[in-house]
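In: Can you look at this prediction? I've put the sequence above it.
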Amino acid sequence: MSSINSNLNCSTNALSNAQNIHSLSIVKEVKIIHQNIRSMRTNFDVFLINLSQLMFKPTVIVLTEIWISESELSLYKISGFKMFAKCTDYSRAKGLLVYVLEEIPCNSISVTLSSADCVLLTLHFGFINFYLLCLYRHHVIQPNHFLNEIQGVFHKVSGNLVIVGDININILDNNQVSNDYINLMCSQGLQCLLKLPTRITRSSSTCLDHVFARIANMYKFQLLTEVLHLDISDHSMTVFSIAPVHYHSQNRGGCESEPLKYGINYNYLKHCVAGVDWTVVFNENNASKAFELIIEKLTSCLEFSRFSYSTTKDSKKLKPWMTNSPSSA
């Protein structure tokens, strides 16, 4: 995993192909879908049917619990996508497969965890570059072991980062495991973008499939998530999209938009501040420098807790005495 940071910045070779350069210029929104498929042999055909019925074409497809060996990968190609896989021949209920559009420049970085299946990629687009960390945490492994291992990955990855996958930790629960996990993510500047049930049974409703993101100058982008209940497996599909803030305003069917507004996710801010490592502040002998470090860390928490939104003039709520048009008066 040495020289990981250079992989994100050194994209000269990837961009030398003219076709890739053209594709970068036309990609205006990135959409990443994740589905715990619980056996490619059983559910891949159902997944493909649902994929064809989506109202958008995903940029990246992440499938977890694929339950196949490396020798079977050629049976599960998707036209127009290149594949990156983590297979385990010794255990059935594991494995991870990532599809990326062929025209998108990307690099695979070798990462091995004993507590999770992992694929780490660098993705390059015209408006943003970022790491994509795809994970399936083995449910039989203690969560603390996973948290310790994932910290090793964080220490080697800097810059924009998106994490998707089935972590097998229910972040809707307020318990020690969930809090330790959320605090670790917050300490790395990673914002939790999805807190909705992704696995619903007769007896439980849990959020095991997660989306986290750390994006510099996040206010310049619109980050959206949703959950699609498609009955592909006992897990729902998650969708993450990122685009420049002006992209969605230009695609609202001509509605005139007001200036972008900003808000603070205070629950995330609380977790982010709670997860800050203040050691460097305590070890600083210069009071002025220590104060600057405090401000820097708090400012960082505020930046990652801020979200943007906009409203259209057509969607403004009218006063009770006002009608939609003069003719109806």
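Out: Received it, and whenever you're ready, just let me know what you need. Everything numeric here is computed off the predicted structure, so don't read it as measured data.
In: Could I get the full set of strands for the stretch 51-200 of the chain?
Out: Along the stretch 51-200 of the chain, counting by DSSP state E, counting those that start in this stretch, strands occupy 60-64, 81-86, 96-101, 106-109, 116-124, 129-137, 161-166, 191-192, 199-200.
In: Please dump those strands into TSV; it should also carry mean pLDDT and mean neighbour count for every row.
Out: C-beta coordinates here come from the backbone N, C-alpha and C atoms, glycine included. Below are the strands of the stretch 51-200 of the chain laid out as TSV (pLDDT from 0 to 100; neighbours: other Cβ atoms under 10 Å):
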stretch	mean pLDDT	mean neighbour count
strand 60-64	98	26
strand 81-86	96	17
strand 96-101	97	23
strand 106-109	95	18
strand 116-124	96	22
strand 129-137	97	23
strand 161-166	98	25
strand 191-192	92	22
strand 199-200	94	16
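In: Next, format these as CSV and append distance to Met40.
Out: Formatted as CSV, these follow (distance: least, Cβ to Cβ, whole Å):
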stretch, distance to Met40
strand 60-64, 7
strand 81-86, 11
strand 96-101, 8
strand 106-109, 20
strand 116-124, 14
strand 129-137, 13
strand 161-166, 15
strand 191-192, 29
strand 199-200, 19
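In: closest one to Met237 among those?
Out: Distance to Met237, taken as Cβ to Cβ, is lowest for strand 60-64 among the strands of the stretch 51-200 of the chain, at 9.9 Å.
In: Alpha carbons of the closest one, in PDB - could you do that?
Out: Presented in PDB, the C-alpha positions along strand 60-64 are these (Å, rounded to 0.1, in the frame of the first residue of the first chain):
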ATOM      1  CA  VAL A  60     -19.900   2.300 -10.500                       C
ATOM      2  CA  ILE A  61     -21.700  -0.900  -9.300                       C
ATOM      3  CA  VAL A  62     -20.600  -2.500  -6.100                       C
ATOM      4  CA  LEU A  63     -21.800  -6.000  -5.200                       C
ATOM      5  CA  THR A  64     -21.100  -7.600  -1.800                       C
END
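In: Pull up the pairing partners for that strand, direction included.
Out: The pairing partners recorded for strand 60-64 under DSSP bridges are strand 30-36 (parallel), strand 96-101 (antiparallel).
In: Output those as TSV; include the columns distance to Phe44.
Out: TSV is the format used below for these (distance: least, Cβ to Cβ, whole Å):
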stretch	distance to Phe44
strand 30-36	10
strand 96-101	10
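In: who wins for proximity to Ser300 among those?
Out: Closest to Ser300 of the strands paired with strand 60-64 is strand 30-36 (Cβ to Cβ; 23.7 Å).
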